[in-house]
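Chemist: got a structure for you, letters missing:
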C-alpha cells in the first residue's frame, strides 16, 4: 500500500509495531468482553478510529489472528470468534518434526502420557451417558475388525469419548491434534493387521479400558491404557516410528 507520513509501508518496523498493537487490543477486547464462539469483533472502521491506525493495519492484524485460529474472516463481514480445534496444536508439532526439532517417537511418547492421565480422569468423572456411549462403541468395534477404515473411525470415536468423559475441554483438543498427526499411518497399520490376532489384541485392550472406566477404577483404567500403547499400538503405529509423521 502507499505509505503515509505516519504509517510506513507494511513490513516496516513501525508498521509491524502497529499490527502488534492492534492484535493486543483485540485480544484484550475478547478477554474483557468475554466473547465466545460466534461473537463478532468490532468492524475494521471502528478499530481504525479507536486506535488511530489505518484499515490495512487492522486487516493485517485480523489476518494474523485468523492464522492462529481465533477468528474467522469473510469478505464484507466482521470477523467472528470461532471455536478452537486441534489443528493449530497439530500444526505446531508437525512443524517441529519437519525441521528435526522432534521425531515421531516423541509424539507417541507424549500421547501415551497424556492418554494415561486422561483415562484415569475419565474413570473418576464419567457420567451415565458417557458409560452408555463407551459401551456402545466398544461393542460395535469387533464387527469392523476386517474393515480397517471402519475400525479406525470407531477407534477415534472411542478415544474422543474418553476425552470428553474427563469433563476437561482441553483433552478433546489434544486427541484431535494427535489424530491429524497419525491418522494416515494408523489406518495403514490397521489395514495391515486386519482380522489377525494382533488386531484382536488391540480390541481386547479397548474392552479392558472401557471396563475399568465404567467400573470407576482410575488405576485400572490407566494401567489398561498403558498396556494399550506399550503392546498393541507399538505394532500398529510402527510405520511412523522411523519415518516421520504422515
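Modeler: Now that the structure is in, tell me what you want to look at. In this text, all values refer to a predicted model and were calculated from it rather than measured experimentally. Numbering: from 1, shown residues only.
Chemist: mind checking pLDDT for the residue nearest the centre of the chain?
Modeler: When CA atoms, centre = their mean is applied to the chain, the residue found nearest the centroid is residue 86 (2.0 Å). For residue 86, the model assigns a pLDDT of 85.
Chemist: Check residue 143 too.
Modeler: 92.
Chemist: neighbours around it, how many?
Modeler: Counted by other CB atoms under 10 Å, the residues lying close to residue 143 total 11. C-beta here means a position set from N, CA and C on the backbone, and glycine is covered the same way.
Chemist: Using the three-state scheme, assign it.
Modeler: helix (DSSP: H, G, I helix; E, B strand; the rest coil).
Chemist: Could you check how far it is from residue 137?
Modeler: Note on residue 143: its distance to residue 137, by CB to CB, to the nearest Å, is 11 Å.
Chemist: got the contact list for residue 140?
Modeler: Contact analysis of residue 140 by CB atoms under 8 Å, 6 or more residues apart in numbering lists residue 154.
Chemist: Which strand or helix spans it?
Modeler: helix 128-140 (DSSP states H and E).
Chemist: can you tell me how far the nearest residue to residue 95 once chain neighbours are set aside sits from residue 92?
Modeler: For residue 95, ignoring the flanking residues on the chain, the nearest one in space by CB to CB, 6 or more residues apart in numbering is residue 101 at 8.0 Å. According to CB to CB, residue 101 and residue 92 sit 10 Å apart.
Chemist: Buried ones in stretch 129-148, by neighbour count?
Modeler: Neighbour-count burial for stretch 129-148, counted by 16 or more other CB atoms under 10 Å, picks out 130, 131, 133, 134, 137, 138, 141, 144, 145, 148.
Chemist: ok now it, how far from the chain's centre?
Modeler: 22 Å (CA atoms, centre = their mean, to the nearest Å).
Chemist: and the two most separated of the buried residues of stretch 129-148?
Modeler: Within the buried residues of stretch 129-148, two members stand farthest from each other by CB to CB: 131 and 148, at 27.5 Å.
Chemist: For residue 22, give me its contacts.
Modeler: 47, 51, 53, 57, 58, 60, 61.
Chemist: what's the closest non-adjacent residue to the third one?
Modeler: Leaving aside its sequence neighbours, residue 53 sits nearest to residue 18 (CB to CB, 6+ apart; 5.2 Å).
Chemist: quick one: that neighbour and residue 57 touch, right?
Modeler: Yes. Counting by CB atoms under 8 Å, residue 57 is a contact partner of residue 18 at 4.9 Å.
Chemist: Neighbours of residue 211, how many?
Modeler: Residue 211 has 16 nearby residues by other CB under 10 Å.
Chemist: ugh, wrong one, residue 33
Modeler: For residue 33, using other CB under 10 Å, the count is 11.
Chemist: For it, grab phi and psi.
Modeler: phi -90, psi 0 (degrees, to the nearest 10).
Chemist: about what we covered before: state the distance from the residue nearest to residue 53 to residue 181.
Modeler: For residue 18 relative to residue 181 (CB to CB), the value is 36 Å.
Chemist: sec struct for the residue nearest to residue 95, please.
Modeler: Recorded secondary structure, residue 101: coil (three-state DSSP).
Chemist: Give me the phi and psi for it.
Modeler: Dihedral angles for residue 101 - degrees, to the nearest 10 - are phi -80, psi -20.
Chemist: gap between it and residue 117?
Modeler: 24 Å.
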